[in-house]
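Make a model of this:
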Amino acid sequence: MPNQKEIAIKIRSKDRTGLIFEITKIFSDMNVGILNHSARVYNDRNRGMISECNLIICPENEDITALAKRRLRKIKGVISVN
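This is a model prediction of the structure:
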């Protein structure tokens, strides 16, 4: 993968069953590799149970990153994508 840049993405969402599947499916459908990932769930007093997922991806270009972020924001319960 010459000249490909690693990009960090943080997704915060209301926690629910199937969330991680939906996140990884977006990258799989776009043929974007996930180089590293971590996830945790914590209790936010105002929002309830929150899932925080951190990913390192290796997209072919910035347009793919922007498209992936738009798709991630459409997932039910997503609070932020950075």
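
which stretches of this structure aren't confidently modelled?
Regions of the chain meeting the criterion pLDDT under 70 cover residues 1-3.

Can you show me the helices along it?
With helices called from DSSP state H, the chain shows them at 19-29, 62-73.

what residues does the first one touch?
With CB atoms under 8 Å, 6 or more residues apart in numbering as the test, helix 19-29 has contacts from 11, 13, 33-34, 39, 51, 53, 55, 57, 68, 71-72, 75, 77. Glycine gets a C-beta too; all of them are placed from N, C-alpha and C.

where exactly do the strands run in this structure?
In the chain, the segments counted as strands under DSSP state E are 7-14, 33-44, 48-58, 78-81.

about what we covered before: can you redo the helices of the chain as TSV with distance to N82?
Listed next are those as TSV, based on distance: least, CB to CB, whole Å:
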stretch	distance to N82
helix 19-29	14
helix 62-73	9
